[in-house]
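when you get a sec, could you give me coordinates for this:
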Amino acid sequence: MGQGQGQSKYGVSNLEYDLVTTLSNLLQGQEVLEKYAADAEQANDQECATIFRTMRDNNRNSAESIRSALQRHMSGGS
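I've put the predicted structure just below:
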């Protein structure tokens with residue numbers, strides 16, 4: 001199997017690259033979803049605001065899981 005984007009471009013394993021990239025995307029998503037929730041509130045649509053905040057919370061939980069996996073992987077665990 002050939003080298004993936006992480007190994008060839010950045011000198012880290014594909015999994016490390018995937019974990020870091022996913023974590024970054026999830027954290028950026030949290031910020032965007034909070035903005036969208038505020039936009040929904042400004043439009044007086046609490047249902048949409050709740051949807052966006054639920055998605056933000058799901059991103060937060062996923063980010064915590066990815067962060068734990070990254071810490072475990074970087075410390076040499078499997």
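
in the chain, which helix or strand is least confident?
The weakest-scoring helix or strand in the chain, judged by mean pLDDT, DSSP states H and E, is helix 5 (a mean of 60).

past that helix, which element shows up next along the chain?
Once helix 5 ends, the next helix or strand along the chain (criterion: DSSP states H and E) is helix 14-42.

which parts of that next one are buried?
Within helix 14-42, the residues scored as buried using 16 or more other CB atoms under 10 Å are 16-20, 22-23, 26, 29-30, 33-34, 36-37, 40. In short, each C-beta sits where N, CA and C put it, glycine included.

residue ranges with poor pLDDT in this protein?
For the chain, the stretches flagged by pLDDT under 70 are 1-8, 77-78.

from the buried residues of helix 14-42, pick the one nearest Cys48.
Ala40 (3.8 Å; CB to CB).

so Cys67 touches Ser24, yeah?
You called it Cys, but residue 67 is Arg. No: in this structure, Arg67 is not within contact of Ser24 by CB atoms under 8 Å, at 10.9 Å.

quick check, central residue of the chain?
Leu26 (1.8 Å; CA atoms, centre = their mean).

ok, back up a step: so of the buried residues of helix 14-42, which two are at opposite extremes in space?
For the buried residues of helix 14-42, the maximum inter-member distance is 36.1 Å, found between Glu16 and Ala40 (CB to CB).

alright, that wraps it up for me.
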